[in-house]
Each structure stands twice: as structure tokens, then as C-alpha cells.
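Q: Need the 3D shape of this:
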Amino acid sequence: MKAFQLLSRSLWKRSGTLLWVFSFFLLPLFTPAVFSAEKDDSALFFEGHDLMEKRQPEKAIPIFEEVLQKYPQSKIRDLALFWLGRAYLETKQTDKSRETLSQLDQAFPESPSGQNCRE
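A: Numbering: from 1, shown residues only. Have a look, this model is predicted:
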């Protein structure tokens, strides 16, 4: 019985170590690139959004444009279009704002962001 307990403890320690190594070193290699792309587009978007909250739309514009250019299939594309249109509006670029919000409305007619720009 004592030999079994020692063996099971030894295996548990080894498997715990293997699990730790797998979790921190090997698992990221097998994680799909989609997750990192979503993280990247979100981080970039929130950088622009933070600038809008700080009342710096002129600095937010290139960031939102970068989100749209780098991540054309992003799940937050509608939000990026909305905030880009708003940033254009706040910098008195009404034609660009109208064009961007029109693009939002056409591409995402059911989006709450698109509905907000119509109101």
C-alpha cells in the first residue's frame, strides 16, 4: 500500500509539472490566431475610445482608421465605424463623418450603432 501511495504522489507531481509546462509554454502555440486578432483589434479600438473620452478626437481618428484597415473582418467593425464617424464630426469633418456613418448604416443595418447614427 505504501508503495502505491509513493507511486501515485510521484505521478501526481510529474503530471502537475507537465500540466504546468503545457499550460504556459505549449498551449499558446496551439491557440488559434483568431483569439489574438480579436485581442489586438479590441486593444486598438479601446485606445481610440479612450482618446475620445479624453476629448482628443484628432488623435483617435488614425487609430479607428487603423482598426478598420488592419481588421476588416473584426467583430467590432461597426463600433469602429461609429466612433470614427463621431470623431470626424467632432473635428468638423462633416463630409467624412456623413460618409463613414452612411457606410456603417449600409454594412450593419441591424447594429445598435447604426441605429444610433440614424437618430
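Q: residues making contact with the helix or strand where residue 69 lies?
A: Residue 69 is part of helix 57-70, with elements assigned from DSSP states H and E. For helix 57-70, the external contacting residues (Cβ atoms under 8 Å, 6 or more residues apart in numbering) are 40-41, 44-45, 47-49, 51-52, 74, 76-77, 80-81, 83-84, 86-88, 90-91. No exception for glycine: its C-beta is placed from N, CA and C like everyone else's.
Q: Of those, just the buried ones, ChimeraX syntax please.
A: The following ChimeraX line selects those of those that are buried, judged by 16 or more other Cβ atoms under 10 Å:
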select :41,44,45,48,49,51,52,74,76,77,80,81,83,84,86,87,88,90
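Q: Next step: the contacts of helix 57-70 restricted to helices.
A: Residues of those located in helices (DSSP state H): 40-41, 44-45, 47-49, 51-52, 77, 80-81, 83-84, 86-88, 90.
Q: Can you verify my assumption that residue 96 contacts residue 87?
A: No - judged on Cβ atoms under 8 Å, residue 96 makes no contact with residue 87 at a distance of 9.3 Å.
Q: so what are the domain limits for the protein?
A: Here the domain parsing of the chain from automatic domain parsing is 1-30, 33-118.
Q: what's the least confident stretch among those domains?
A: The minimum mean pLDDT among the domains of the chain belongs to domain 1-30 (a mean of 50).
Q: Who's the closest spatial neighbour of residue 96, skipping the chain neighbours?
A: Distances taken as Cβ to Cβ, 6 or more residues apart in numbering place residue 88 nearest to residue 96, at 4.3 Å, with adjacent residues excluded.
Q: Report the contact partners of the one you found.
A: 57, 61, 94, 96-97, 100.
Q: Neighbour-wise, give me the winner out of those residues.
A: Using other Cβ atoms under 10 Å as the neighbour test, these are led by residue 100, with 25 neighbours.
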